[in-house]
Each structure stands twice: as C-alpha cells, then as structure tokens.
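K.L.:
turn this into a model:
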Amino acid sequence: MVTIWNPADEAQDYVFTLFFEGGHYLLPLHLEGRETREFNVSEILQNQIPDAEGNLIPPSVHQGTAKIMGSHAENEYILVAVDFGVYNVRKATCQNGCATCEGYTGYDVTVDGFAVAVNGTQQETATGTYETGTQYNLTAGSTWTSSNTSVYTVSAGLVKGLATGNATTTGTESLPVTMQACNEQDCEFSGFFQTVPGVVTPTVSFSTISSVAVGQTATTTATVSPSSNAFPISLSISSPAAIVSPTGTFTQTTPVVVKGVSVGTATITATVSNSDGNLTVGSTSFSVITPPPVPVNFDLTSAENAGTGVLGIFRFYAWTSSDGNLNDLSNCSMRENVTYPGSSNPYVPSSPPWAGGGGGSTYPNPSITAPSSATGGTSEDTNYVSNLSFVKPYVANSFTATQFIQYSCSGGSWTTIYTDTITRSVAQSGGNWVATVSASDTSVTSTYTLP
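P.N.:
This next block holds a predicted model:
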C-alpha cells in the first residue's frame, strides 16, 4: 500500500516510478492541493495497462523499488508526503521501511581564477551535480557575493570590473542532499558554497603598426587603461621581430619600439601576473616585410686634377641597388650635405690668405645640393676654388669640410651612405706660397702657386 499526500495548497504533478529487474513502469499522479491518494502496487501489476512508454510489469515480478519525483525533471522541487507498507500475504504481517531522499552531491563555481578588465564583465556559472551524475545550472538560484565590491561586483554570477585589484567570488545555494528518511523524517537541505579568486586587470591597446622592414624599427604606443593602474605590465613578442624598448615592465602608457628581424607576422602581447600565472591584457600584430631596395656599395671609382690654372679635383662615384636593379631605386634620391667648421652660416675662411672668404666666396653651412635620382648609379663631385684671388701677406692656413653622401627613399629621412673630408690649405713650399685642395678618399691633389 502506498499513500501519497500533497501538503501544498496548489496542485502538483508527480511521477511514481516502479523499478524491477529488467525494466521500469511510470505512474503519473496529479494531486490537487491537500489531496491524498492511495493505491496498491499489486493492482497495477494485475491491471496490465501499458504506461506512457508502453511498459508493463511482468506478472512474474514480485519485488522492486519505487521513486517519486516531479513530472518535469529529477531535480524538480516537490512538496510531498509518502507512506508505504508491505503486506506479507503468507505471514499476514505488515512492514514499513525507510525512504531515500535523492539530492545533490557537489556544487562548483566556474570560471575558477578568472580575470576581467575594468568596466568589463565575466559570467560565473554555478553547477550542481545530482546523485545520478547529471549536472544542472544553478546560477540563477545561487546567492553571489564579492569580497571587495570596490574591485568588482557580482550579481547572478555576472562579475563587473570596477577597479584594478584582487577579490574573491562566493556562490552559495541551499540544496537537498541524499539521505535516508525514516519514521516520518523530512528530507534535508544543506548549504553548498564555493569561493573562487578573481582579478580586475588593466587593458592595453596599441596604435597601429602597418608594417616594419627587416632591420628597421617602428614605434607603437601602448595605451594603459585605467590611468590609475598599478599592475606591472610585461611585453613579449613573437620571433619575426624584437622589442627594443621598453626593456622592463611598465604601469602607464608608454611608447614601444620594435625592430624587424625576419619576414613574417609578429605579435606583441601585454600581460600581467597573478597567482594563476600570466594574464593577457592586450595584443597587436603587424607584418615584418622585406626591406625596400636602397642604394648600397657607394664608393669612389676614380679621381683627377681639375686642370692647369684651376685649383680643384674631380671625383667620380658609383653605387648599386640592394636588390641588384638600379631601376628599382626610382623612389630614391641622392644628395650631398657638406658641413664646415663651427656653427656660423655662412662659413667665411680667414683673410688673409683667403680673399673675400675662400677665393671671393663664402660657404653655406651646411651646403646641401639639390636631390637627384638614384637610378643612374654614378655621380661626379667637383671641389675647387673658382676665384684664384688671395690676400697678402700670405699666412699658413687651412680648413676642412665634411661631406656626407645621403639618400632618401619614398620621402623618408635622409640616410648617410658615405662620408669623406675636403681640405683647402695655404702653405709655404720651396720658397713659394702654394694653395692646395685634397680629399680624404683619394691621393689626387690640386696645387696652385700664389703670385
């Protein structure tokens, strides 16, 4: 005999399941509020009416077990009172037993050891493990707390970061537990909880680096938010590139200089460290490309005296392209940048012996020639004194100019590819005063005997 009572004021639907060797049988029960229902299992056996799944209890079955649960799920909360007795027809005795209350065996909160950015969110999930092994999402019904609400808050498992720092989240739920209920004992509930650590991290965003050539550098700005961040931030980069600076950690917005090492895609990753290891707080990727062709191998090919009655020398130069094709230097220009002693502009040589400043001339300091195309591969450089006029009394004197050969490609900065010096001097030699022009990269000189 089984007696089922619905102690609630509202109707409830139950499923009474009989288990026996080789199968089971489902008996649906609808009880209005405060209604009681009695039935004999023997009558179910005798009636041989299939259940909703088409199951029958074979007449040969004489023993088994039973379970009552809600009609929707095994973990559905129900309010019910059950009484049962077993009548032994041979001995004419009745026997009561203990009921087993099913319940939860575990409660877990995930993600364990989470990280969230300021103003970011992270959903935590509470999962209960039923005694059958089935897991259920208990997030909505759990109670959630943060150990430091100035760092982050949590509601229904949703964490919202407020300020950088560390805190813990605790999820709590009162759940029924597996137990034996005897002598009108109620099924019991127990408080399950789990605490997990969390951290609110800064975020790092990087300004765009479209690409950087192998052997060249580029700069990106690592912007740290919030500005009050105190977490040390570390940078790492994948192998196609290297970080030039910063060389250590930083906490505030800082420029980051990278250098191309090999062709490929490089990724900069910003991390902060906590008890669970390194947490990524920002990243950016960029291409490392083959460097564009530039002038190389610039060198002197020949030099000669400017000729009789002229004080000067001619020098001839040649260069190649880094990719072997001069036509690929169409985006490159060449120029001379000559600097004279001191910072005065123009530079005026001493008089005497120089008349009016260097043979009647002064020298812009620096003196920069108009750029010319780099595709020609050759150039001529002339260094002479065009006005052979000197001032007596002659005195020994010389000055040296430094000459930088430079190139610029695609409107970029000017890069020095070659450096030499030009010296102009007046000195006494063999009873005469002689003016001389010489260059550091050739033994050819030009001389002129002063009148």
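
K.L.:
where does the stretch 51-200 of the chain dip in pLDDT?
P.N.:
87-97, 183-184 (pLDDT under 70).

K.L.:
so how many other residues sit close to Tyr107?
P.N.:
Using other CB atoms under 10 Å, the number of residues around Tyr107 comes to 20. For every residue, glycine as well, the C-beta is placed using N, CA and C.

K.L.:
would you confirm that it belongs to a strand?
P.N.:
Yes: if the criterion is DSSP: H, G, I helix; E, B strand; the rest coil, then Tyr107 is within a strand.

K.L.:
start at 10 instead
P.N.:
Fine by me, first position is 10 from now on; the one you just mentioned is Tyr116.

K.L.:
what pairs with it across the strands?
P.N.:
Gly137 (DSSP bridges).

K.L.:
could you check how far it is from Gln194?
P.N.:
Remark: distance between Tyr116 and Gln194 (CB to CB, to the nearest Å) = 23 Å.

K.L.:
give the helix, strand or coil label for Ile53.
P.N.:
helix.

K.L.:
pretty sure it contacts Asn64?
P.N.:
No: using CB atoms under 8 Å, Ile53 is not in contact with Asn64; the gap is 11.1 Å.

K.L.:
which neighbours do the two have in common?
P.N.:
Taking CB atoms under 8 Å, 6 or more residues apart in numbering as the contact rule, Ile53 and Asn64 both touch Tyr34.

K.L.:
who has more neighbours, these two?
P.N.:
Ranked by neighbour count (other CB under 10 Å), Ile53 and Asn64 place Ile53 first, with 18 against 12.

K.L.:
show me the contacts for that one.
P.N.:
Neighbours of Ile53 in contact, by CB under 8 Å, 6+ apart: 27, 34, 36, 66.

K.L.:
element containing the third one?
P.N.:
What it means is Leu36. Element membership of Leu36 [criterion: DSSP states H and E] is strand 32-40.

K.L.:
tell me which residues of that strand come out buried.
P.N.:
In terms of neighbour count (16 or more other CB atoms under 10 Å), strand 32-40 has its buried residues at 33-34, 36, 38, 40.

K.L.:
and those residues, which is closest to Asn49?
P.N.:
For the buried residues of strand 32-40, the closest approach to Asn49 (CB to CB) belongs to Leu36, at 11.7 Å.

K.L.:
for that closest one, give the beta-bridge partners.
P.N.:
Going by DSSP bridges, Leu36 forms beta bridges with Phe25.

K.L.:
same question, Val267
P.N.:
Here Val267, judged by DSSP bridges, has bridge partners Ala227, Ile252.

K.L.:
quickly list the domain ranges of this protein.
P.N.:
Residue ranges for the domains of the chain, per automatic domain parsing: 11-106, 113-210, 212-298, 304-458.

K.L.:
and the third one, how far apart are its ends?
P.N.:
From its first residue to its last, domain 212-298 covers 28 Å (CA to CA, to the nearest Å).

K.L.:
check the last one too.
P.N.:
Looking at domain 304-458, the gap from its leading to its trailing residue is 40 Å under the measure CA to CA.

K.L.:
list the residues that contact the residue nearest to Gly166 when sequence neighbours are not counted.
P.N.:
Sequence neighbours aside, Glu133 is the residue nearest to Gly166 in space, at 4.1 Å (criterion: CB to CB, 6 or more residues apart in numbering). Contacts for Glu133 (CB under 8 Å, 6+ apart) come out as 118-120, 123, 148, 153, 163, 166-168, 178, 180, 205.

K.L.:
how many other residues sit next to Thr411?
P.N.:
Neighbour number of Thr411 under other CB under 10 Å is 15.

K.L.:
just the CA trace of stretch 122-138, in PDB.
P.N.:
Taking Å, rounded to 0.1, in the frame of the first residue of the first chain, the C-alpha atoms of stretch 122-138 are listed here in PDB:
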ATOM      1  CA  GLY A 122      40.600  32.100 -11.300                       C
ATOM      2  CA  PHE A 123      39.100  34.500 -13.700                       C
ATOM      3  CA  ALA A 124      40.300  37.800 -15.000                       C
ATOM      4  CA  VAL A 125      38.200  40.800 -16.100                       C
ATOM      5  CA  ALA A 126      39.000  44.200 -17.400                       C
ATOM      6  CA  VAL A 127      37.900  47.500 -15.800                       C
ATOM      7  CA  ASN A 128      34.300  48.000 -17.000                       C
ATOM      8  CA  GLY A 129      34.400  44.500 -18.400                       C
ATOM      9  CA  THR A 130      32.200  41.600 -17.400                       C
ATOM     10  CA  GLN A 131      32.700  37.900 -16.700                       C
ATOM     11  CA  GLN A 132      29.900  35.400 -16.300                       C
ATOM     12  CA  GLU A 133      30.400  32.900 -13.500                       C
ATOM     13  CA  THR A 134      28.400  29.700 -13.500                       C
ATOM     14  CA  ALA A 135      27.200  27.600 -10.600                       C
ATOM     15  CA  THR A 136      26.800  23.900 -11.400                       C
ATOM     16  CA  GLY A 137      25.200  21.300  -9.100                       C
ATOM     17  CA  THR A 138      26.000  17.600  -9.500                       C
END
